[in-house]
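1. All I have is the shape, not the residue letters:
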């Protein structure tokens, strides 16, 4: 067996659970064609275990021809192929947008493991790109051989990541393989292509083996990144990084260590990492602003807000119109995407809204309009909802999306706050307790 195939087989045995289903990201280029050939022809993996995905970005005029080639190649190998035609958003970087769109398709795969054909030369180019962007250890670690699956997405394995491009080309020639060429790979306007065709060959002429050296540096940075993550996990305590970060955990840390913990917190919650200057400003605001200041930092579709000594990751919702109202029969679960959650009425004895009151008037769910009052205790005076919400220490961004339950024209309850005394179930009486669940 070819040494290339032996190396791929060793990676698969080490990193893929027995019986796992596999899907290959098939571009039609030499790398992915070689990977498919190794898997099916050299390692003799059963075709039933493998499928392929080809993403048609509809950017190149040759895109249709590439998809047709992938169909022929998969028919020859006897594996299933899915061709996903996507629309790539136009913006500052078409390359980055295409990559994001492609990985979104990959993430939706139902296979256990996604195999990608990045090689050692790709890794060296990525290290240089990240250096030029001023990346830290995590960025400089470039691409991992194995990235575990998360949130329903498959694990990602790159079994050719230690293989030089020259070895892949030699394998393709030895086995008389055909592939397609993406003309954009020659365009030096793309920084990666400039590094591939101009910079790395020049470095290689002075420093033979520089691609391997850069790939080795990526492995060292990956180890460093793992250690920094372990330190951040210790600083934040187990379980203290799920959407809420108490600032007390950061206050005793030196600035570099606090920044490391904050980066880890953001990454654990799927937030795109801000630039270093923005991260510093975020940390400064969080740590030095007055206790009553409303700190809110936009992180590109996600907000980081401070409230009562903690940072919260918030998915902002448009403020609902004051006239928002939904008629409801009180049964099942009422999905309210405009408010970012779901409402249920849970049966209770002596709690919640009296069942008799619900039968006597139509139920409508609305939102805060301003000036509403509630009397939560029949022995105490009526209070404004605004004051009650403040006393309940509910974060400001949640107050605007709380469901208000009306019976006829009267405010009967505010989910999560309480039921007006006029509509409360008495002791031993059947009641229905409003339960609000944020998405």
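-> On my side now, so go ahead. Not measured: the values here are computed from a predicted model.

2. quick one: residue 54 and residue 97, what's the gap?
-> 18 Å (C-beta to C-beta, to the nearest Å). In short, each C-beta sits where N, CA and C put it, glycine included.

3. Between the two, tell me which one has more neighbours.
-> Using other C-beta atoms under 10 Å, the more surrounded residue of residue 54 and residue 97 is residue 54, with 25 against 17.

4. Need the three-state assignment for that one.
-> Under DSSP: H, G, I helix; E, B strand; the rest coil, the three-state class of residue 54 is strand.

5. Leaving out the residues flanking it, which one is nearest to it?
-> Using C-beta to C-beta, 6 or more residues apart in numbering and skipping the chain neighbours, the partner closest in space to residue 54 is residue 70 (4.3 Å).

6. Looking only at the helix or strand that contains that neighbour, what residues are buried by neighbour count?
-> Following DSSP states H and E, one finds residue 70 within helix 63-77. Residues of helix 63-77 classed as buried: 63, 66, 67, 69, 70, 73, 74, 77 (neighbour count, 16 or more other C-beta atoms under 10 Å).

7. what's the answer for stretch 211-218, then?
-> For stretch 211-218, the neighbour count (16+ other C-beta under 10 Å) marks 211, 214, 215, 217, 218 as buried.

8. For residue 401, give me its contacts.
-> Residue 401 makes contact with 317, 320, 339, 340, 341, 367, according to C-beta atoms under 8 Å, 6 or more residues apart in numbering.

9. By neighbours, which of the residues you listed wins?
-> Of all those, residue 339 has the most neighbours under the rule other C-beta under 10 Å, reaching 24 neighbours.

10. got the contact list for it?
-> So residue 339 contacts 317, 320, 367, 401, 402, 403 (C-beta under 8 Å, 6+ apart).

11. Tell me the pLDDT of it.
-> Here, the pLDDT recorded for residue 339 equals 89.

12. Flag the shaky bits of the stretch 151-300 of the chain, pLDDT-wise.
-> Residue ranges of the stretch 151-300 of the chain with pLDDT under 70: 238-241, 292.

13. Where do the helices of it begin and end?
-> Using DSSP state H, counting those that start in this stretch, the helices of the stretch 151-300 of the chain run over residues 165-174, 191-194, 200-206, 210-236, 248-251, 255-268, 276-288.

14. Next, the angle helix 255-268 makes with the last one.
-> Okay, so that is helix 276-288. Counting by axes from the mean of the first three to the mean of the last three C-alpha atoms, to 10 degrees, helix 276-288 lies at 100 degrees to helix 255-268.

15. So what touches helix 276-288?
-> So helix 276-288 is contacted by 134, 247, 250-251, 255, 258-259, 262-263, 273-274, 295, 297, 304, 306, 311 (C-beta under 8 Å, 6+ apart).

16. Near residue 197, how many other residues are there?
-> For residue 197, the neighbour count with other C-beta under 10 Å is 14.

17. tell me the domain ranges of the protein?
-> As assigned by automatic domain parsing, the chain contains the domains 3-217, 246-314, 325-438.

18. Mind putting these into CSV with distance to residue 223?
-> As requested, these are exported to CSV (distance: least, C-beta to C-beta, whole Å):
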stretch, distance to residue 223
domain 3-217, 8
domain 246-314, 15
domain 325-438, 38
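
19. Out of the ones you listed, which is closest to residue 224?
-> Closest to residue 224 of the domains of the chain is domain 3-217 (C-beta to C-beta; 4.3 Å).

20. if we can go back for a sec, thinking the residue nearest to residue 54 is in contact with residue 82, fair?
-> No. With contact defined as C-beta atoms under 8 Å, residue 70 does not count as touching residue 82 (10.0 Å).

21. Overlap in contacts, those two.
-> Among the neighbours of residue 70, those also in contact with residue 82 (C-beta under 8 Å, 6+ apart) are 52, 54.

22. Now do the strands in the stretch 51-200 of the chain.
-> Under the criterion DSSP state E, counting those that start in this stretch, the stretch 51-200 of the chain contains strands at 80-85, 113-115, 146-147, 155-157.

23. buried set for stretch 314-331?
-> In stretch 314-331, counting by 16+ other C-beta under 10 Å, buried: 314, 320, 324, 326, 328, 330.

24. ugh, typo on my part, it should be stretch 430-439
-> Going by neighbour count (16+ other C-beta under 10 Å), the buried part of stretch 430-439 is 430, 431, 432, 433, 434, 436.

25. Over to stretch 275-292?
-> Under 16+ other C-beta under 10 Å, the buried positions of stretch 275-292 are 279, 282, 283, 285, 286.

26. do stretch 379-392 as well
-> 385, 388, 389.

27. In CSV: those residues, plus secondary structure and pLDDT.
-> Formatted as CSV, those follow (DSSP: H, G, I helix; E, B strand; the rest coil; pLDDT from 0 to 100):
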residue, secondary structure, pLDDT
385, helix, 91
388, helix, 91
389, helix, 88
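
28. In CSV, list those residues along with distance to residue 38.
-> Shown next, in CSV, are these (distance: C-beta to C-beta, whole Å):
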residue, distance to residue 38
385, 66
388, 66
389, 62
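
29. one step back: out of the strands of the stretch 51-200 of the chain, which gets nearest to residue 397?
-> Smallest distance to residue 397 across those (C-beta to C-beta): 32.5 Å, for strand 146-147.

30. Which residues does that closest one contact?
-> 15, 155, 156, 157, 158.

31. Could you find the closest non-adjacent residue to the second one?
-> Yep, that's residue 155 we're talking about. residue 149 (4.1 Å).

32. Tell me how many other residues crowd that neighbour.
-> Look at residue 149: counted by other C-beta under 10 Å, it has 14 neighbours.

33. And the pLDDT at it?
-> On the pLDDT scale, residue 149 gets 85.

34. need the contact list for it.
-> 112, 113, 155, 156.

35. Tabulate the residues you listed in a markdown table, adding columns for neighbour count and distance to residue 198.
-> Listed next are those as a markdown table, based on neighbours: other C-beta atoms under 10 Å; distance: C-beta to C-beta, whole Å:
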| residue | neighbour count | distance to residue 198 |
| --- | --- | --- |
| 112 | 16 | 40 |
| 113 | 20 | 35 |
| 155 | 18 | 35 |
| 156 | 22 | 30 |
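
36. and residue 209, how many neighbours does it have?
-> Neighbour count of residue 209, defined by other C-beta under 10 Å: 10.
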